[in-house]
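Trainee: compute the structure for the input listed below.
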Amino acid sequence: MRPVNLIPTDQRRGQNAPMRTGPLPYLLVGVLVALLAGVALLVSANNEISEKKSEIATLESEDRAAEAQAQRLAAYVQFEAVHKQRLETIASLADSRFDWERVMRELALVLPGNVWLSDINASAGVGAGAEGGGGSGLSGGVTGPSLSLSGCATGQEGVAGFVTAVEDIDGVTRVGVEESSLPTQGEGTVSAAGGEEGGAGACQTRDFIAAFNMTVAFDAAPVPAAPEGEVPGTVTEGAEETAASSEAEPEEATEE
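Mentor: Numbering: from 1, shown residues only. Next comes the predicted model:
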């Protein structure tokens, strides 16, 4: 005979006790846990998005501030560029400036007593050539500042000695004698009062006095840059009929 449990169902204990509520509460708990996890993830994502938006706003604000500061400093950058360019221009001009005062002083120091200068012309241009050179010889190939000297000396020996003395001037690279001549026998001598104006022959008062034209080149000297399409001009450094060694007419001397 099969045993029969006569204890009421609501009073049974142990393994034989029936489930009072069933699986529904567990399902509800699972759903609640899933919802809680979803809400937590959603809140976390929203917080992260808010932080990123706040960071983006901060970066945009900093970018606008940096742009505004850059615009304010742009004028200083331009000023610095202009300042640097002007300094370079001034340095270039200072380096290319030729010291004519020094050259004239040294010329006066080396000028022999038997040489008289009647005309001095200076040129600072490349290839311009000194005005007194006659357009031939050394004056046509000068690549830097140059001097054109015209005057007289006691004989050809005096002209040669003057050339040697001029070569001692600092910066001189070449000295070319364009012309050096004594009066021809048919011409005789030229008086100081009746001589040609502005020429080397005006100082040829004796038949042993040689008139000369020479060009002194300073090829190694820096040359100032001229504007495009322009050629550096010629500057006159002396006046005509200037007696560099003596204020009076050359004294009569015996021919050596």
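Trainee: residue boundaries of the helices in the stretch 151-256 of the chain?
Mentor: According to DSSP state H, counting those that start in this stretch, the stretch 151-256 of the chain carries its helices in the segments 155-166.
Trainee: so how far is Glu60 from Ala91?
Mentor: According to Cβ to Cβ, to the nearest Å, Ala91 stands 45 Å off from Glu60. Just so you know, the C-beta spots here come from the backbone N, C-alpha and C atoms, and that holds for glycine as well.
Trainee: for Leu27, same thing?
Mentor: To Glu60, Leu27 is 49 Å away according to Cβ to Cβ.
Trainee: next: Ala66.
Mentor: 11 Å.
Trainee: do the same with Leu42
Mentor: Taking Cβ to Cβ as the criterion, Leu42 is separated from Glu60 by 27 Å.
Trainee: show me what secondary structure element comes after the helix or strand where Arg105 lies.
Mentor: Under the assignment given by DSSP states H and E, the secondary-structure element containing Arg105 is helix 100-110. Stepping forward along the backbone from helix 100-110, the first helix or strand reached (DSSP H and E) is strand 115-123.
Trainee: what angle separates that next one from helix 100-110?
Mentor: Note on geometry: by axes from the mean of the first three to the mean of the last three Cα atoms, to 10 degrees, strand 115-123 and helix 100-110 are set 160 degrees apart in direction.
Trainee: ok, now which ones touch Cys152?
Mentor: Cys152 makes contact with Val115, Trp116, Ser118, Ala200, Cys203, Gln204, Ile209, Ala210, Ala211, Phe212, Pro250, according to Cβ atoms under 8 Å, 6 or more residues apart in numbering.
Trainee: wait, the third one touches Gln204, no?
Mentor: No - when contacts are counted by Cβ atoms under 8 Å, Ser118 is not listed as touching Gln204 (10.0 Å).
Trainee: and the end-to-end length of stretch 142-150?
Mentor: Counting by Cα to Cα, to the nearest Å, you get 17 Å between the two ends of stretch 142-150.
Trainee: may I see the buried residues of it?
Mentor: Buried residues in stretch 142-150, defined by neighbour count with 16 or more other Cβ atoms under 10 Å: Val142, Gly144, Pro145, Ser146, Leu147, Ser148, Leu149, Ser150.
Trainee: could these be laid out in a markdown table, adding secondary structure, distance to Gly171 and pLDDT?
Mentor: Output for these, formatted as a markdown table (DSSP: H, G, I helix; E, B strand; the rest coil; distance: Cβ to Cβ, whole Å; pLDDT from 0 to 100):
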| residue | secondary structure | distance to Gly171 | pLDDT |
| --- | --- | --- | --- |
| Val142 | coil | 13 | 74 |
| Gly144 | coil | 9 | 81 |
| Pro145 | coil | 9 | 87 |
| Ser146 | strand | 11 | 89 |
| Leu147 | strand | 11 | 89 |
| Ser148 | strand | 16 | 91 |
| Leu149 | strand | 15 | 93 |
| Ser150 | strand | 21 | 93 |
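Trainee: what is the most widely separated pair among those residues?
Mentor: Across these, no pair lies farther apart than Gly144 and Ser150, at 20.5 Å, counting by Cβ to Cβ.
Trainee: need the contacts of Cys152 in a markdown table (columns: distance to Val177).
Mentor: Putting those into a markdown table (distance: Cβ to Cβ, whole Å) gives the following:
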| residue | distance to Val177 |
| --- | --- |
| Val115 | 13 |
| Trp116 | 16 |
| Ser118 | 16 |
| Ala200 | 12 |
| Cys203 | 16 |
| Gln204 | 16 |
| Ile209 | 16 |
| Ala210 | 10 |
| Ala211 | 11 |
| Phe212 | 6 |
| Pro250 | 20 |
